[in-house]
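[1] Requesting a structural model of the entry that follows:
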Amino acid sequence: MDHRSHRPAAKAAARQAAASTTTEAQDVRARILETASNLFYAQGVRAVGVDLVVDRAGVAKTSLYRHFRTKDELIVAFLEREEADFWSTWDEVAAKHAANAAKELDAHMRWIGERLARSNYRGCPQINAAAEFPEPDHPSRLVARAHMHELRARLASIAQRIGVSRPDTVGAQLAVLVNGAFVSAELLAPEEAVAVLLASARALIEAARK
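    Numbering: from 1, shown residues only. Take a look at the predicted model:
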């Protein structure tokens, strides 16, 4: 028998086994990150230890550290996951109003206000995490800072398209408005959030037009 005839089958089996291992590893990583994200958001990143994460995720601690070398890496992955969700929603809304910047700004204020009204809303994950770490160079603060600057830049771009004077300043004002809303959700009744954001954003735009 020609043993070479078995080589293609052996290689195929090896590829299948490798693919299966990769898929399993991805599933484990996703489960760890999903569990950690829920815990971090609900309880705070400092309050949640890796032991609780591995217990709730049903994995070994070695599995967690195989995918996330440190707790800080897990925190950053959580923040990046939340950021991707935020910008995904932003981009969907922006695409629907690409031809009208004023309507786009209104639409952003609406979905952000609706997010504030959720019963399980605990604020912006980036702001929350940054507040827990005073060190300016902590990884979570770096992610949070980048997120805030991106928010300001996107709002400034909308302000420029609307045609106001000093769009960068208006972008900063709008960013302060949004971030203020994120940390002030307790001040607003669920039905107020959208109206307050809309009225405030429109007032800033109108003032910049004078």
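
[2] quick one, helices of this protein?
    7-43, 50-57, 61-67, 71-96, 101-116, 125-132, 139-162, 167-183, 193-209 (DSSP state H).

[3] quick one: contacts of the shortest one?
    The set of residues that contact helix 61-67 without belonging to it, under Cβ atoms under 8 Å, 6 or more residues apart in numbering, is A25, V28, R29, I32, V50, D51, V53, V54, A57, L74. In this view, the C-beta of every residue, glycine as well, is placed from N, C-alpha and C.

[4] let's see 7 Å
    Residues outside helix 61-67 that contact it (Cβ atoms under 7 Å, 6 or more residues apart in numbering): V28, R29, I32, V50, V53, V54.

[5] Next up, the contacts around the second one.
    Same thing as R29. Per Cβ under 7 Å, 6+ apart, neighbours of R29: H67.

[6] and the gap between it and T35?
    Separation of R29 from T35 (Cβ to Cβ, to the nearest Å): 11 Å.

[7] Could I get the phi/psi values of A99?
    Main-chain dihedrals, A99, degrees, to the nearest 10: phi -90, psi -10.

[8] Tell me how many other residues crowd L177.
    By the criterion of other Cβ atoms under 10 Å, L177 has 19 neighbours.
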